[in-house]
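Asker: Here is a sequence with its predicted model. Questions after.
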Amino acid sequence: MNLRSAATLVWSAGPAQLAGFLLVLIGSAGLPVVSAVLLRDTLDAIAAGRTALGPIVGVALAGVAAWAATPVRAYLVLELDRRAGIVARDRLYEAVGAQPGLSRLEDPGYLNRLSVAATSGVRAPVDIVVGTADVVQAGLLAAGFVMTLTAVSPVLSAVVLAASAPAVAGQLAMSRRRIRLLTETAGAARREMFFESLLTEAQAAVELRLFGLTGFFRGRMLAERRRADGHRRQVDRRDLVVQTGLGVLAALIGGAGLIWAAAQPGLSAGDVALTVAAIAAVQSGLAGCVSAAARLHTELGAYRHWRSVVDEPRPPSAGNHACPPLRQALEVRDLWFRYTPDGPWVLRGVDLRIEAGTSTGVVGANGAGKSTLVKLLCGMYEPTRGSITWDGVDLRAYDVDTVRRRMGAVFQTFMSYDLTAAENIGIGDLPALGDRVRVEQAARLADVDPAIRRLPDGYDTLLSRLYDDEGGAGAYLSGGQWQRIAVARALMRSTADVLVLDEPSSGLDPEAEGRLNARIHGLRDGRTSVLISHRLSALRDADQIVVLEAGEIVERGRHAELDAAGGRYATLFRTQAAGYLPA
Ligand SMILES: Nc1ncnc2c1ncn2[C@@H]1O[C@H](COP(=O)(O)OP(=O)(O)OP(=O)(O)O)[C@@H](O)[C@H]1O
């Protein structure tokens, strides 16, 4: 099953290369016979006094082919590895990207499998094909030796064959341990990589140097490496014991064979030597075959991890219907949510109706659940209980990609991509990536157009200085400028049905924040929008404001109503306003 699937993948990636590889394989197996026949013809022709040009040329060509077979085979395997590697990576990351939400990417078990799949799994298909060829080749060789020994002594042959059973069992057990090792060390390997990235990335360098943390994180990185090495060492030691045991067994059988042969009355010294040599050849042939099979078994294990990620079915609740434009309302009904089955409730019975064409502001203390709520609205997680409906239809009934296409969003944890300024904005609406007019319009709305124009290559400036192989000077932006870029990216979808803005102005200077708020206000006018902000002035004009506290909505209404009610919102608003008044 896995063997066929791996072979199909390799065939789809490089049919000509795979055909060439098999041809070389078969050719090199038959080459010694062809050479022997041609040599015989040459010698016969010479002995008979005939011209032997044909067979001589044949022998020469067979010699060249025999010489070229190894490098040609190596080249074809490398080429297959490159091609199949691309297909395997493409399918792996396609499967990861097809995960509809964030839950899987926050699941350590899934991340461990993914890490094995991304390292060993993507290389496995070619290793499996080559490994199968190795097993067949080693098997044929061993079978030849067994036949030779059987001709000398069928009993001895049966004994040597029977004695190879522990080798098979031992090698398979070793292979299973190696497969287990891959998953056991995946967590440590991921942590090691994390610490390694901290030590090498410029973003972390400021804090690491400021707080003198480089030695601390280097220690952590090496501790993870030692932890994984500890597991590896254990497995290596057990392998050493098994291998030594198998060696002792082979030596005992060889010795027993020698004693048996010497005790036979009819055997000459030459026959005894031949018997011992035949036993040794069978043993080494079988050992080669078994260890090739064990390697193949390990590769199949790595490939299973790759398949477990690639073939993972989409969650059953992911619907297929395309999400239509929002006409009436987006409604949250008795929504309960927690990130893990045994974790604390983050949202507790939230009811919220967001009428189409209106603006909703969400307010609350740190950790109240505001970002979680909007992530659920965007289909990043599924409600643990309750529902979110789009014009009365449960959001889960729709293909989640089509829901997201109806949304424009900027989140607190926005991304900075090592792409050009135009691309950083344009990817907000991929089909319009090359539409410079729309990109510039979004940049103007987000108030970042003048900053981009000042860059060395304007909109075509790479927003990173970490690459020097594509020509052109890269540039770095400030935190606030990056935030405006992220807002511009969201505004590429300014015609989206729902605009979600999670703290879009937190890093902006007061003037920029004022301008951005005014623009967002203009954009939100008549459009469905949800805006989270700790700066309550940005929410004053929202059609409704909800106050979240520990996952529950404790107040809702317009600014004037909430202010007049003198509750939580009013307290927050007045506290903020007081901060701007003279003491
Ligand atoms: N991915 C996650 N996995 C587990 N718990 C999470 C995750 N993200 C957030 N939480 C928890 O959920 C709670 C609510 O977080 P959330 O980010 O929604 O708060 P918030 O109201 O947006 O806060 P802030 O104002 O600080 O942005 C917090 O207690 C947080 O620890």
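Answerer: Sure thing, it's come through.

Asker: Please make it C-alpha for all contacts and neighbour counts, starting now.
Answerer: Fine.

Asker: Enumerate every residue touching Glu331.
Answerer: Neighbouring residues of Glu331 by CA atoms under 8 Å, 6 or more residues apart in numbering: 351-354, 388-392.

Asker: Can you select the buried ones among those for me in PyMOL?
Answerer: Buried residues among those (16 or more other CA atoms under 10 Å), as a PyMOL selection:
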select buried, resi 351+352+354+388+389+390+391
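
Asker: Go through the contacts of Glu331 and flag which are in helices.
Answerer: With helices taken from DSSP state H, there is no overlap with the contacts of Glu331.

Asker: Can you classify Gly522 as helix, strand or coil?
Answerer: Under DSSP: H, G, I helix; E, B strand; the rest coil, Gly522 falls in the helix class.

Asker: Next: Gly49.
Answerer: coil.

Asker: Reformat the contacts of Glu331 as CSV; add pLDDT.
Answerer: Below are the contacts of Glu331 laid out as CSV (pLDDT from 0 to 100):
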residue, pLDDT
Asp351, 95
Leu352, 95
Arg353, 95
Ile354, 94
Ile388, 95
Thr389, 94
Trp390, 94
Asp391, 93
Gly392, 92
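
Asker: Please tabulate the contacts of Glu331 in a markdown table, including the columns distance to the ligand.
Answerer: Formatted as a markdown table, the contacts of Glu331 follow (distance: CA to the nearest ligand atom, whole Å):
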| residue | distance to the ligand |
| --- | --- |
| Asp351 | 16 |
| Leu352 | 16 |
| Arg353 | 19 |
| Ile354 | 19 |
| Ile388 | 17 |
| Thr389 | 20 |
| Trp390 | 21 |
| Asp391 | 25 |
| Gly392 | 25 |
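
Asker: Closest one to Val530 out of the contacts of Glu331, please.
Answerer: Ile354 (8.4 Å; CA to CA).

Asker: Mind picking the two most distant members of the contacts of Glu331?
Answerer: Asp351 and Asp391 (15.1 Å).

Asker: Report the residue spans of this protein with pLDDT below the cut-off.
Answerer: 315-318, 469-473, 494-495, 524-526, 579-583 (pLDDT under 70).

Asker: Near the ligand, which residues of it are found?
Answerer: 339, 346, 365-372 (CA under 6 Å from any ligand atom).

Asker: Restricted to helices, list those.
Answerer: Among those, the members found in helices (DSSP H) are 370-372.

Asker: Let me have those in CSV, extended by distance to Pro108 and neighbour count.
Answerer: Listed next are these as CSV, based on distance: CA to CA, whole Å; neighbours: other CA atoms under 10 Å:
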residue, distance to Pro108, neighbour count
Lys370, 25, 25
Ser371, 22, 18
Thr372, 20, 19
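
Asker: and Leu258, how many residues sit next to it?
Answerer: 17 (other CA atoms under 10 Å).

Asker: just to revisit the earlier point, now, which of the ones in helices among the residues of the chain next to the ligand sits nearest Val122?
Answerer: Using CA to CA, these come closest to Val122 at Thr372, 34.4 Å.

Asker: buried stuff in the helix or strand containing Leu181?
Answerer: Taking DSSP states H and E as the definition, one finds Leu181 inside helix 165-184. By neighbour count with 16+ other CA under 10 Å, helix 165-184 contains the buried residues 167-168, 170-172, 174-175, 177-179, 181-183.

Asker: One more: stretch 16-33?
Answerer: For stretch 16-33, by 16+ other CA under 10 Å, it's 17-18, 20-22, 24-25, 27-28, 31.

Asker: Check which helices and strands the longest helix anywhere in the chain is in contact with.
Answerer: Once the chain is assigned using DSSP H, the helix that runs over the most residues is helix 214-263. Counting contacts by 3 or more CA pairs under 8 Å, 6 or more residues apart in numbering; DSSP states H and E, helix 214-263 packs against helix 154-163, helix 165-184, helix 186-200, helix 269-310.

Asker: ranking the ones you listed by burial, who's on top?
Answerer: Comparing the helices and strands packed on helix 214-263 by mean neighbour count (mean count of other CA atoms under 10 Å), helix 269-310 ranks first with a mean of 21.

Asker: Tell me how many other residues surround Glu561.
Answerer: 13.

Asker: Hmm, I typed the wrong one, I wanted Ser478.
Answerer: 9.

Asker: Let the chain start at 45 from now.
Answerer: That works, and once the first residue is 45, the last one we named lands at Ser522.

Asker: Give the phi and psi angles for it, as a check.
Answerer: Ser522 has phi and psi values of phi -80, psi 170 when expressed as degrees, to the nearest 10.

Asker: same question, Glu596
Answerer: Residue torsions, per degrees, to the nearest 10, at Glu596 are phi -120, psi 150.

Asker: Surely it touches Arg392?
Answerer: Yes - using CA atoms under 8 Å, Glu596 is in contact with Arg392, at 5.4 Å.

Asker: dump the residue contacts of Asp504.
Answerer: Counted by CA under 8 Å, 6+ apart, Asp504 has contacts 464-466.

Asker: So which of those residues is the closest to the ligand?
Answerer: Ala465 (26.8 Å; CA to the nearest ligand atom).

Asker: What residues does that closest one make contact with?
Answerer: Counted by CA under 8 Å, 6+ apart, Ala465 has contacts 496, 502-507, 529.

Asker: just the helices in the stretch 45-194 of the chain please.
Answerer: Along the stretch 45-194 of the chain, the segments classed as helices by DSSP state H, counting those that start in this stretch run 46-57, 59-91, 97-141, 152-163, 168-196.

Asker: which one of the ones you listed lies closest to Arg235?
Answerer: Using CA to CA, the nearest of the helices of the stretch 45-194 of the chain to Arg235 is helix 152-163, at 10.7 Å.

Asker: which other helices and strands contact that closest one?
Answerer: helix 97-141, helix 209-228, helix 230-244, helix 313-354.

Asker: quick one: which of those helices is nearest Gly405?
Answerer: So among the helices and strands packed on helix 152-163, helix 97-141 is nearest, using CA to CA, at 30.7 Å.

Asker: where does that closest one sit relative to the chain's centre, distance-wise?
Answerer: 27 Å (CA atoms, centre = their mean, to the nearest Å).

Asker: Which strands and helices lie in contact with that helix?
Answerer: helix 46-57, helix 59-91, helix 152-163, helix 168-196, helix 313-354.

Asker: closest to Glu240 out of those?
Answerer: helix 152-163 (15.5 Å).

Asker: about what we covered before: out of the contacts of Asp504, name the ones that lie in strands.
Answerer: Residues of these located in strands (DSSP state E): none.

Asker: Return the subset of those lying in helices.
Answerer: 465-466.

Asker: Hmm, Gln588 and Arg602 touching each other?
Answerer: Yes - using CA under 8 Å, Arg602 is in contact with Gln588, at 4.9 Å.

Asker: Same drill for the two, tell me which one is more crowded.
Answerer: Neighbour count, other CA under 10 Å: between Arg602 and Gln588, Gln588 has more, with 22 against 18.

Asker: tell me the contacts of the more buried one?
Answerer: With contact taken as CA under 8 Å, 6+ apart, Gln588 is in contact with 403-405, 600-603.

Asker: Distance check, it against Val574.
Answerer: 10 Å (CA to CA, to the nearest Å).

Asker: Give the residues shared as contacts by those two.
Answerer: 403-405.

Asker: Can you tell me how far Ala366 is from the ligand?
Answerer: 27 Å (CA to the nearest ligand atom, to the nearest Å).

Asker: next one: Ile597
Answerer: 12 Å.

Asker: isn't that residue right up against Leu391?
Answerer: No - taking contacts as CA under 8 Å, Ile597 lies outside contact range of Leu391: 9.1 Å.

Asker: Show me which of those two is the more surrounded one.
Answerer: Leu391 (26 against 21).

Asker: How about the more buried one, nearest residue that isn't a chain neighbour?
Answerer: Gly595 (4.0 Å; CA to CA, 6 or more residues apart in numbering).

Asker: re the thing from before, which of the contacts of Ala465 fall within helices?
Answerer: Reading helices off these with DSSP H, I get 496, 529.

Asker: before we move on, the earlier item: residues in contact with the residue nearest to Leu391?
Answerer: Taking CA under 8 Å, 6+ apart as the test, what Gly595 contacts is 389-392, 394, 412-413.
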